[in-house]
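Chemist: Give me coordinates for this.
(one chain, ligands or ions: 1)
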Amino acid sequence: MTTMTSNLHSRVAASHGFEEAPLLRYAIANVEGFPRSPSRFVVSQFGHGQSNPTFLLEVHDASGGPGKRYVLRKKPPGVLLQSAHAIDREFQVLKALGDHSDVPVPKVFCLCDDPNIIGTPFYIMDYLEGRIFMESKLPGVAPESRKAIYQATAKALASLHRVNVDTVGLERFGRRENYCRRQVQRWERQYLSSTGEGKPDRNPKMLELAIWLKNHVPIEDSSRTATGLVHGDFRIDNLIFHPIEDRVIGILDWELSTLGNQMCDVAYNCLPYFVDIKLSEVGPYGGFELTGRPEGIPSLPEYLAEYCLASGKPWPAEGWKFYIAFSLFRGASIFAGVYHRWTMGNASGGERAQLTGKLANVLIDSAWMVINMESLLPNQPPFVHTIAKHPQEHLERDHAKLYPTEQLGKSVPSQKVLELKRKLINFMENHIYPTESEFYKLAQSNLRWTIHPEEEKLKELAKREGLWNMWIPLDSAARARKLLFDDGDSSGLGEKENFLGAGLTNLEYGYLCEIMGRSVWAPQIFNCGAPDTGNMEVLLRYGTKEQQQEWLVPLLEGKIRSGFAMTEPHVASSDATNIKCSIIRHGDSYIINGKKWWTSGAMDPRCKILIVMGKTNINAAKHKQQSMILVDINTPGVRIIRPLLVFGFDDAPHGHAEVSFENVRVPADNILLGEGRGFEIAQGRLGPGRLHHCMRLIGAAERGMQIMVNRALKRRVFGKMIAEHGSFLSDLAKCRIDLEQTRLLVLEAADQLDRHGNKQARGILAMAKVAAPNMALRVLDIAIQVHGAAGVSAETVLSHLWATARTLRIADGPDEVHLGTIAKLEIQKSKL
Ligand SMILES: Cc1cc2nc3c(=O)[nH]c(=O)nc-3n(C[C@H](O)[C@H](O)[C@H](O)COP(=O)(O)OP(=O)(O)OC[C@H]3O[C@@H](n4cnc5c(N)ncnc54)[C@H](O)[C@@H]3O)c2cc1C
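Modeler: Numbers count the residues shown, from 1 in each chain. So this is what the prediction gives:
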């Protein structure tokens, strides 16, 4: 049944009446656009749904025009639990979404908590004229429209789930983590209090259901970042559709909204596929999946795929059984409560409430049926275009999301890379950016040298999403695979083979690595951070099978971290022939003595292995004196002296350590590749590894651009927005040019690395290494400038991104060294 909102109101119920004159005076003073001298003011009440009474206000001025309509929503009269009917929370969420998001909600004007106006708090919002579909089967609607209406519903839900609560002012709107676990306990308590001795019968299957749910809470529920805004009652009859177009213009009834696990909203919204919740004595109560879908309504996988595509959420096959069973459990508990109130003579639904006792048991049975089904969803989403009205629409939307305008050029990544890129962007938006402030908080506290628990949880999520070790070049992965699997020894990686990356070239990785570079916290979550990637690369390329099994496997799994100790305080280490650290063979061991500094990552409590560069033979040829050796960080004689600061940042918990080695004895087998081969290894390590820095710097600059533009659009200086000042526009445009040029150079370097190898590509690699940090510094500098004093503070990520970028003009080999390489090659060319 379709109803226009204008047909849903009637006279105000006697028990809900209030004096209209004070309300009129209040509205004139507080509601934008409200006629100042109304000639007529009519109040009527909406009859559909809502436990918070809702009223239509129609007001006309003396001109005799069509009049204006507003909606008032208030607390019910009488004594209420303090947390119930929280009108102020509804107002807060509607205001935040209306002002800062594209979620379709009615505009709210004012919140009044003065009980002298109409007796209870209330708020006033815009009236939306449109269609409400009372039944999920959409009777009387044409099949093509049904399809479009479901598609629009999925998009509306996705739009509210995409909201970044931290940027719209809703960061304290609820506790985020362990939402399902808390909800199961809450609804179990509610059920227990509505049933049992002297009350309606308690269904033992409901108690077993609570136990099953507690034992099957999905892992992501404990993660703060897998959560967001939850509507709490997202049903099709809480949506207003445009009067003639099949699109949602308003999401209503935010009474139960909070922060939490958004899959609960999705599952609740999908209940019509599993159960027909009707207050009727006569079944069947089965949903579309059992009794058949009305023509045009998409299948459940199609509907979910539409939602996932629009929201960027992963395909939920894994926890889906839990979420559906939980929704049914919650419904059963609510119905049991209504039924109990009916038996006491005070249920609001009148005689129809007597059927809720039966319906509670129907939902419990449905939950068990779902749990006992072999599978509820296919492992993969169906081809979503089958439910798109215009297939092209999806292609264009995907394309726009995946190819920001800057990438519509010659280098177009493959579908595989595009898919990884889509996932990565969503992961960054859903998990990394919302957690950055948490990471910073810990890193500035007394517990700075410990790991935030969220980090390990996010690593697990990243693994599950296939966003793990993507940096591993094809050739290195092939070598490790051969060494660890192909010799018939099953003690290798076994089922962990997928830890050898996604099979990407350096060029392909370039498109992904830059996205991780947008946050200094991101790379390690995907096991793609320095110095681990460079160290794993060394082990992949040069490690023996034993070395790989002992150190590479746990590094690939993300169980341990590593450091690279080459630089020494007392010698110019940009020229590694200067290093003094000694590695001397004694029988079956090597003895190491020396002092290193800037050993990044050595402060991390998970750091277990150091690759140390030193001299094994000072009498050998200049570039054959050096070797690299594996040193367990817990070996006696290894001493972490202090963390060093980068412009005041200690980069905790990762850190850059000064480390001394005093008579450190390690097994001779720990030598990498052999004595005198340190330079050879350094060249292999520093090729791709250092290009990763360049890729990340592109991302850091992109983040700077984004933050800079946001600020310029919000900050008014000397009478106009910064974005309206010509000087800013000119700087902005130059930054974009700079960034695009550098991105192309970095991608070209990655491509040449793939096609010609380290040695042949060294010229363009050197160019990228000079260009990328310098470009990022210029862009970040403008972004800082646009923020005024806030830019140099820790209020934004800009100062940290800038400090990190500045180190890379040195840490990645000083600019002068790379410029020397480029110039030398130029001169060599002209001599040919
Ligand atoms: C944040 C950070 C992290 C780091 N992480 C690590 C790590 O994990 N492991 C590690 O071993 N090291 C690390 N380093 C150290 C880094 O690799 C060295 O700082 C770098 O190699 C330069 O060595 P140096 O500091 O001894 O400078 P020096 O070699 O003393 O050089 C000083 C300056 O001399 C000039 N110069 C050098 N060569 C030339 C030339 N050919 N022509 C003209 N001028 C020249 C340049 O201006 C250069 O900046 C890190 C450094 C930083 C800042």
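Chemist: contacts, neighbours, all on C-alpha from now
Modeler: Fine.
Chemist: Verify the contact between residue 171 and residue 163 for me.
Modeler: No: if you go by CA atoms under 8 Å, residue 171 and residue 163 don't touch, sitting 10.9 Å apart.
Chemist: what's around whatever residue of the stretch 651-800 of the chain ends up closest to the ligand, how many residues?
Modeler: Closest approach between the stretch 651-800 of the chain and the ligand, counting by CA to the nearest ligand atom: residue 656, at 6.3 Å. Look at residue 656: counted by other CA atoms under 10 Å, it has 23 neighbours.
Chemist: Just give the number of residues close to the residue in the stretch 351-500 of the chain positioned nearest to the ligand.
Modeler: When scored by CA to the nearest ligand atom, the stretch 351-500 of the chain has residue 443 as its residue closest to the ligand, at 16.4 Å. The burial count assigned to residue 443 is 21, neighbours taken as other CA under 10 Å.
Chemist: Is the helix or strand containing residue 534 positioned near the ligand?
Modeler: Here residue 534, judged by DSSP states H and E, is contained in helix 532-542. No: Helix 532-542 lies out of reach of the ligand by CA under 6 Å from any ligand atom, never closer than 9.5 Å.
Chemist: So which residues make contact with that helix?
Modeler: 471-472, 476-477, 479-480, 527, 547-548, 552, 555-556, 561-564, 611, 672-673, 681, 684-686, 689 (CA atoms under 8 Å, 6 or more residues apart in numbering).
Chemist: quick one on the thing from earlier: settle it for me: which of residue 171 and residue 163 has more neighbours?
Modeler: Applying other CA under 10 Å to residue 171 and residue 163 shows that residue 163 carries more neighbours, namely 21 against 16.
Chemist: still on that earlier bit, kindly tell me how buried the closest residue in space to the residue of the stretch 351-500 of the chain closest to the ligand that isn't next to it in sequence is, as a neighbour count.
Modeler: Take residue 443 and drop its neighbours on the chain: the residue closest to it by CA to CA, 6 or more residues apart in numbering is residue 652, 5.4 Å away. Neighbourhood size, residue 652 [other CA under 10 Å]: 23.
Chemist: Look through this structure and report the residue furthest from the middle.
Modeler: residue 619 (54.7 Å; CA atoms, centre = their mean).
Chemist: confidence score at that residue?
Modeler: According to the prediction, residue 619 has pLDDT 96.
Chemist: now swap in residue 383 and tell me
Modeler: 55.
Chemist: Show me what the host helix or strand of residue 709 is packed against.
Modeler: Assessed by DSSP H and E, residue 709 sits inside helix 678-714. When contacts are defined as 3 or more CA pairs under 8 Å, 6 or more residues apart in numbering; DSSP states H and E, helix 678-714 sits against helix 506-516, helix 532-542, strand 626-632, strand 720-721, helix 726-760, helix 762-786, helix 798-807.
Chemist: how does it look with 6 Å?
Modeler: Counting contacts by 3 or more CA pairs under 6 Å, 6 or more residues apart in numbering; DSSP states H and E, helix 678-714 packs against helix 506-516, helix 532-542, strand 626-632, helix 762-786.
Chemist: how close does the closest residue to residue 30 other than its chain neighbours sit to residue 70?
Modeler: Counting by CA to CA, 6+ apart, residue 30 lies nearest to residue 110, which is 6.5 Å off, once chain neighbours are set aside. As judged by CA to CA, to the nearest Å, residue 110 and residue 70 stand 12 Å apart.
Chemist: between these two, who's got more neighbours?
Modeler: residue 70 (21 against 18).
Chemist: residues contacting that one?
Modeler: Taking CA atoms under 6 Å, 6 or more residues apart in numbering, we find residue 70 in contact with 56, 57, 125, 126, 127.
Chemist: quick one: the third one from residue 26, how far?
Modeler: When CA to CA is applied, the distance between residue 125 and residue 26 equals 14 Å.
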